[in-house]
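# below are the sequence and a predicted model; questions follow.
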Amino acid sequence: MSDYEMTDKEEIYSKVLRAGRRTYFFDVRATKAGDYYLTVTESKKFTNDDGSFYYKKHKIYLYKEDFTEFKEILAEMTDYIINEKGQEVISERHQKDFKREDEFVTEEVKTSGDTESFTDISFDDI
């Protein structure tokens with residue numbers, strides 16, 4: 001039996017969580033002895049200068065004997081974060097009124113009312 005066939009048979013159950021540039025894969029797999037374990041894979045998309053892209057992946061393996069403590073610590077840590085910082089994401093990029101810097105400059109010019117002192121410059125001129 002090839003490695004591909006063996007890997008294919010080991011996957012029992014899967015779920016995917018898409019979260020912006022990140023994707024999380026939760027996969028139940030089987031050991032050679034027939035027991036189950038969980039893999040969690042984070043895949044993050046990056047873009048090269050030429051416009052092509054690639055993914056970086058990180059994987060953890062979680063076995064049944066660690067489930068109880070893992071769940072307890074994960075719950076404790078996530079509860080701590082929510083209790084300390086609340087549900088809302090505190091990140092400039094994730095704010096509801098977030099505007100990219102170039103949008104801000106355009107908006108600033110529109111609201112200033114002083115169009116006579118504005119000079120139209122192209123970034124190609126710089």
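Arrived safely, thanks for sending.
# all contacts plus neighbour counts: C-alpha atoms, from now on.
Fine.
# so which bits of the helix or strand encompassing residue 38 are buried?
Per DSSP states H and E: residue 38 is located in strand 36-47. Neighbour-count burial for strand 36-47 flags 36-44 (criterion: 16 or more other Cα atoms under 10 Å).
# cool, and stretch 73-87?
Buried, per 16+ other Cα under 10 Å, within stretch 73-87: nothing.
# closest one of the buried residues of strand 36-47 to residue 57?
residue 43 (4.4 Å; Cα to Cα).
# what two of the buried residues of strand 36-47 are the furthest from one another?
Across these (Cα to Cα), the longest gap, 26.1 Å, separates 36 and 44.
# give the rounded mean pLDDT of the helix ranked longest in the chain.
Using DSSP state H to define each element, the chain has its longest helix at helix 67-85. Taken as a whole, helix 67-85 has a mean pLDDT of 96.
# helices along the protein, start to end?
3-10, 67-85, 101-112.
# now do the longest one against strand 36-47, angle only.
Angular relation of helix 67-85 and strand 36-47 on a 0 to 180 degree scale: 40 degrees, by axes from the mean of the first three to the mean of the last three Cα atoms, to 10 degrees.
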